[in-house]
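1. one predicted model, sequence on top.
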Amino acid sequence: MAPMKITSWNVNGLRAVAKKGFHAWLEEHDPDVLLLQETKAQEDVLPAELREVPGYVTRFHSAEKKGYSGVAVLSRYDVDEWLVGLGDQHFDCEGRVLGARFGNTVVLSAYFPNSQSQGKRIDYKIAFCDTMLAFLDKQLQSGRHIVLGGDYNIAHQPIDLARPKENEGSPGYLPEEREWMGKFLAAGYADVWRERNPDKRDAYSWWSYRTRARERNIGWRIDYLCVDEGYRDQVRDAAILMDVEGSDHCPVTIDIKNPV
């Protein structure tokens, strides 16, 4: 296959971002595969220009609850197989995972649960994370490569958020979440952007809408495109597109040199 540009973006409402220049951005950025999170819409209520984007094969996986969660994949390549959910209705009813297989490469759009204030959903979050890791390992064992893109809702290390001390105990930076992220990376997956930018600070992918956080760059890096270790050297470029507006998140992107 030709090189593949894969971009992931939590749009915080697909209909909302469509009114903020989404189509113009898509035409300019021109990803081969676009992974979206928090689409927040059942497919049947989306306008035609969002259901069927010219030049792309489009697939949605929405939550049963209307206006909540939801993921999508847009691809310029034909998709050999769609992987809808993790195979566990406890999680799949929330529309959190959608994968596309291209040959032996599985590209996933994932919207990890928010652990919520006082860790109200931390048990659900960690159960989701463990189910995800088992799902990924099964794909690897069958000879496939993995690209896991999405909003993990986890800032892994102090360098990944502007105010780590003030946010100890905050959702997204709980010890259990950070520990799981470490376990995930130790299990044979690579956070390529951080590996290539080990000391880079002030690089974030989400800013609270409150208190002009984006204007002041008081943010968190919680959006990732991680790959299995066998694909680490196939990643040519990795970037956080902090200048792209339209959501409280910005896109992240990687280029795969030789997908198989």
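-> Alright, I've got the coordinates. Since the model is a prediction, treat every value here as computed from it, not as a measurement.
2. residue nearest the centroid of the protein?
-> Residue closest to the mean C-alpha point of the chain, counted by Cα atoms, centre = their mean, is Gly150 at 0.5 Å.
3. what about that one, which helix or strand?
-> If you go by DSSP states H and E, Gly150 is part of strand 145-151.
4. give me the contact list for that strand.
-> 6-8, 10, 35, 37-38, 71, 104-112, 132, 136, 139-140, 189, 206, 222-228, 230-231, 249, 252, 254, 256, 259-260 (Cβ atoms under 8 Å, 6 or more residues apart in numbering). The way it works is simple: take the backbone N, C-alpha and C, and place the C-beta from them, glycine included.
5. who touches the helix or strand of the chain with the lowest mean pLDDT?
-> Ranking every helix and strand in the chain by mean pLDDT, DSSP states H and E puts helix 48-51 at the bottom, with a mean of 90. Applying Cβ under 8 Å, 6+ apart, the contact partners of helix 48-51 are 14-15, 18, 23, 43, 58, 60.
6. cutoff 10 Å now
-> With contact meaning Cβ atoms under 10 Å, 6 or more residues apart in numbering, helix 48-51 is reached by 14-15, 17-18, 22-23, 39, 41, 43-45, 58, 60, 72.
7. tell me which of those residues fall in strands.
-> Residues of the contacts of helix 48-51 located in strands (DSSP state E): 58, 60, 72.
8. TSV for those, including neighbour count, distance to Ile126 and pLDDT?
-> As requested, the ones in strands among the contacts of helix 48-51 are exported to TSV (neighbours: other Cβ atoms under 10 Å; distance: Cβ to Cβ, whole Å; pLDDT from 0 to 100):
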residue	neighbour count	distance to Ile126	pLDDT
Thr58	16	32	97
Phe60	22	27	97
Ala72	26	25	98
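9. what segments of the stretch 51-200 of the chain are helices?
-> Counting by DSSP state H, counting those that start in this stretch, the stretch 51-200 of the chain has helices at residues 89-92, 122-141, 175-186, 192-196.
10. is it possible to export the ones you listed to TSV including mean pLDDT, mean neighbour count and distance to Asp80?
-> Below are those laid out as TSV (pLDDT from 0 to 100; neighbours: other Cβ atoms under 10 Å; distance: least, Cβ to Cβ, whole Å):
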stretch	mean pLDDT	mean neighbour count	distance to Asp80
helix 89-92	97	14	21
helix 122-141	98	17	13
helix 175-186	98	16	26
helix 192-196	98	18	24
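11. can I get those helices in a markdown table including distance to Glu245?
-> Below are these laid out as a markdown table (distance: least, Cβ to Cβ, whole Å):
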| stretch | distance to Glu245 |
| --- | --- |
| helix 89-92 | 30 |
| helix 122-141 | 28 |
| helix 175-186 | 27 |
| helix 192-196 | 20 |
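12. those: which one's closest to Arg214?
-> Among the helices of the stretch 51-200 of the chain, helix 192-196 comes nearest to Arg214, with 19.3 Å by Cβ to Cβ.
13. helices and strands around the closest one, which ones?
-> strand 223-228, strand 235-240, strand 252-256 (3 or more Cβ pairs under 10 Å, 6 or more residues apart in numbering; DSSP states H and E).
14. tell me what angle the first one forms with strand 252-256.
-> Spelled out, it's strand 223-228. Strand 223-228 and strand 252-256 meet at an angle of 30 degrees, taking axes from the mean of the first three to the mean of the last three Cα atoms, to 10 degrees as the criterion.
15. what about strand 223-228, average pLDDT?
-> Averaged over strand 223-228, pLDDT sits at 99.
16. same question for the last one.
-> Across strand 252-256, pLDDT averages out at 98.
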